[in-house]
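Enquirer: I need the structure of the sequence given here:
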Amino acid sequence: MEKFDLKQILENKPLLYTIIFCVVCVGVMLILMLFTIVSVNSSSANSEANPNKQIKTAQKVIKNDPVTLFTTENAGKALEVQALLAREQITATKVDNGSKVSIVLEEYTKDERDRALLAIVKSGLIDEHTGLEIFDKGDFTSTKDDKKIKLVRAINGELARLIRKIPPIENAQVFISIPEQTFFAQNQKPITATVQITMPSGERLDNMKVKAISNLLLGAVQGLSADNISITDTNGTVYNSIIGASDDAIAKLEENDKYMQSKVNAQLDKLLGKGNYIATVSTFLTQAPVEKSSISYNPDEKTAVSQQQFNESLGDNHNDSTSTGMNPVSVYVPSGVKGSIQSGSSSQDRKYSRSATETQYGVSKTQINEYHSAGAIEKISIAVSIEEHAMPANMSMYELKTLIANAASPKVNVEDVSIAFVESSSLVLAPDKENELPQPAESGNPWWVVGAMLLAGLVLGIGHIGKKVKDESRKQEEELEYLRQVAQNQEKQLKDVTAQASNLIAAQEEMTQNFIEQKNQYALALEQAKSAAQANMRQNARGNLTDAINELESDFNSMDENEAIEKIKNWIENA
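Expert: Presented below is the predicted three-dimensional model:
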């Protein structure tokens with residue numbers, strides 16, 4: 001390969017001009033992109049720095065079209081929904097319609113309506129399942145079949161509610177099938193339970209949660225067995241199946257093969273290296289139930305085959321208390337035998353008794369009875385092809401087979417592992433040839449094509465950026481025009497309010513002036529009436545005093561001096 005030569009590029013003028021043009025075009029594009037990014041960031045920063053100037057799309061408030069969000073017979077649940085919407089800053093009204101209560105939006109925007117519906121759905125207050133509350137109201141007209149159907153619905157609803165609380169389950173549907181009772185037990189169909197759970201995309205339940213669901217079903221449904229429970233999810237995963245092993249034997253074969261092959265690959269990758277082998281695992285399952293019996297003998301151990309006991313007695317009619325009624329076989333017992341009579345005794349004791357146990361032993365044996373249902377693993381075989389150069393030098397064939405068998409499964413026998421060696425494929429390399437580069441004058445480089453492509457790319461980029469800038473400018477103009485209209489409307493409303501306030505102030509001042517004038521007129525009239533009353537009182541008092549003086553004068557003129565003095569004295573004393 002020839003080294004990079006700057007002199008050749010400088011001598012090739014068209015190529016040099018093309019490179020310079022490309023560098024200039026790329027620089028212009030980078031400058032335009034940088035300018036666009038800076039302008040967008042500055043506009044977003046200004047909008048964040050001035051929150052009062054942010055563009056907000058005003059939504060129309062709907063007033064004459066109320067929306068009923070939720071209707072229930074439970075007033076407590078209606079209050080929970082109303083409190084939930086209040087936390088979302090949405091004002092809702094509770095409306096009573098006889099025995100039912102509704103939550104209604106009277107004045108709202110489309111955004112508030114959508115947020116309210118979404119909040120109610122997410123809260124789980126609207127329960128699509130019917131539980132044991134179906135029996136809260138008595139119904140004397142229901143038949144036995146109706147009550148049975150209601151009971152099944154209640155059990156399904158309560159189980160679905162319990163299963164739905166297990167994370168990450170989003171929802172659950174439970175169907176319990178209780179068949180009709182038959183007269184003969186062998187014709188009775190079993191109770192079955194089917195659970196369909198809603199899971200997030202790409203997720204599945206672990207084994208402990210599947211067992212928890214199975215335990216819930218077994219504890220809630222009397223007579224249900226674990227073999228009659230089916231659990232699936234919306235992602236297509238089957239956890240429990242009512243279908244027998246013989247019906248999904250192919251799927252089970254593939255699953256076992258992939259699992260064991262992955263374990264074998266993990267071991268061989270570390271031992272031989274990736275790409276140096278090919279491993280295949282084949283699992284054979286029983287297609288029909290199989291029953292096997294075997295007997296094994298152990299010559300090193302013994303066991304009792306039979307055992308018997310016997311008793312033997314000898315005595316006479318006189319001194320044999322244990323064997324009464326038995327005749328003596330002999331009347332003589334040699335001396336020295338236990339029980340013999342000492343010399344000089346007149347009689348001999350001729351009785352005796354003994355017991356023994358006889359046991360017969362034999363070789364121990366063990367009888368084993370095995371029953372394999374359809375779909376059980378019968379045999380696992382593994383075939384591995386290894387390149388010769390990858391085989392470890394310090395490892396025997398038997399050790400390699402043992403490693404592969406143990407890596408796959410404890411049920412794999414070493415005899416079922418087959419290993420074959422293949423020769424390494426030799427790569428055929430092409431002969432080295434010197435690359436002869438054409439001379440600059442004879443290169444025929446289509447520089448104008450490259451330039452045209454770069455120019456077209458530049459034009460398209462500038463056009464795209466210009467379109468983006470125009471769109472942003474148009475959006476800003478529309479938003480500014482909307483803001484101008486809003487400002488004009490607000491200014492007009494402000495002027496109207498100011499004019500109304502001025503009119504109200506003028507009317508209030510005029511009413512105040514009229515009130516003051518009426519008050520002054522009333523005070524003046526009151527003063528005049530008071531002066532006239534005082535003058536009238538003085539005139540009346542003066543007339544009364546003159547009459548009294550005249551009367552006294554006439555009385556004193558008719559009295560003598562002593563009577564007048566006596567009368568004045570009485571007046572003084574009485575006063």
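Enquirer: output the lowest mean pLDDT helix or strand found in this protein.
Expert: helix 6-11 (a mean of 64; mean pLDDT, DSSP states H and E).
Enquirer: how far away is residue 83 from residue 118?
Expert: The span separating residue 83 from residue 118 equals 16 Å under the rule CB to CB, to the nearest Å. Where you see a C-beta, it was placed from the backbone N, CA and C, and this is true even at glycine.
Enquirer: quick one: residue 367 is in a helix?
Expert: No. Going by DSSP: H, G, I helix; E, B strand; the rest coil, the assignment for residue 367 is strand, not a helix.
Enquirer: doesn't residue 295 make contact with it?
Expert: Yes. Judged on CB atoms under 8 Å, residue 367 makes contact with residue 295 at a distance of 4.8 Å.
Enquirer: now do the helices in the stretch 101-250 of the chain.
Expert: Here the stretch 101-250 of the chain has its helices, by DSSP state H, counting those that start in this stretch, at 110-123, 144-164, 207-220, 249-271.
Enquirer: so which of the ones you listed comes closest to residue 493?
Expert: Closest to residue 493 of the helices of the stretch 101-250 of the chain is helix 110-123 (CB to CB; 24.0 Å).
Enquirer: how about that closest one: buried residues?
Expert: Using 16 or more other CB atoms under 10 Å as the burial criterion, the residues of helix 110-123 that qualify are 112, 115, 116, 119, 120.
Enquirer: who wins for proximity to residue 512 among the helices of the stretch 101-250 of the chain?
Expert: The minimum distance between residue 512 and the helices of the stretch 101-250 of the chain falls on helix 110-123, with 46.3 Å, by CB to CB.
Enquirer: show me what that closest one packs onto, helices and strands only.
Expert: Other elements packing on helix 110-123 under the criterion 3 or more CB pairs under 8 Å, 6 or more residues apart in numbering; DSSP states H and E are strand 67-72, helix 75-87, strand 100-105.
Enquirer: what does it contact?
Expert: Contacts of helix 110-123 with the rest of the structure, by CB atoms under 8 Å, 6 or more residues apart in numbering, involve 59-60, 62, 67, 69-70, 81, 84-85, 88, 90, 92, 105, 108, 126.
Enquirer: pull the distance from it to the chain's centre.
Expert: How far helix 110-123 lies from its chain's middle: 19 Å, per CA atoms, centre = their mean, to the nearest Å.
Enquirer: quick check: which ranges of the stretch 151-300 of the chain have low pLDDT?
Expert: Across the stretch 151-300 of the chain, residues meeting the criterion (pLDDT under 70) sit at 243-252, 287-288.
Enquirer: re the thing from before, any quick ChimeraX command for the buried ones out of the contacts of helix 110-123?
Expert: Here the buried members of the contacts of helix 110-123 are turned into a ChimeraX selection, burial being counted by 16+ other CB under 10 Å:
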select :62,69,70,81,84,85,90,92,105,108
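Enquirer: what's the farthest-apart pair in the contacts of helix 110-123?
Expert: The span of those, defined through CB to CB, is set by 60 and 126 at 27.7 Å.
Enquirer: pick out the residue closest to the middle of this structure.
Expert: Ranked by distance to the mean C-alpha position of the chain (CA atoms, centre = their mean), the top residue is residue 168 at 3.7 Å.
Enquirer: ramachandran angles for that one?
Expert: Listed backbone geometry of residue 168 is phi -100, psi 30, with angles given as degrees, to the nearest 10.
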